[in-house]
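>>> Provided below are the primary sequence and the corresponding predicted coordinates.
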Amino acid sequence: MAESTAVTTQKMGRGVVIGFTDNTQFRGYWYGTNKMLANAIYQSHFIR
């Protein structure tokens, strides 16, 4: 998985679509990834 993308963004209309290549919330397995999801939801307006 070297040199692969974990998160990608795409502008759509007046917003931004943020895509994760992995399910960050899968059974709470990855500790701390809930912060990545929260940042993507609540701070996406900072992405240009």
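Structure received. Numbers count the residues shown, from 1 in each chain.

>>> pLDDT below threshold where in this structure?
Along the chain, the parts satisfying pLDDT under 70 run over 48.

>>> quick one: the helices in it?
With DSSP state H as the definition, the chain shows helices at residue ranges 33-42.

>>> Tell me where it has strands.
For the chain, the strands defined by DSSP state E occupy 7-12, 15-20.

>>> how distant is the first one from the center of its chain?
To tie it back to what came earlier, the one meant is strand 7-12. Centroid separation for strand 7-12 versus its chain: 9 Å, with CA atoms, centre = their mean, to the nearest Å.

>>> Same list (the strands of the chain) but as CSV, adding mean neighbour count and distance to Y31.
Quick note: C-beta positions are derived from backbone N, CA and C, even for glycine. As requested, the strands of the chain are exported to CSV (neighbours: other CB atoms under 10 Å; distance: least, CB to CB, whole Å):
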stretch, mean neighbour count, distance to Y31
strand 7-12, 10, 18
strand 15-20, 13, 16
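
>>> can you tell which of the ones you listed is closest to A38?
Nearest to A38 among the strands of the chain is strand 15-20; the distance by CB to CB comes to 11.7 Å.
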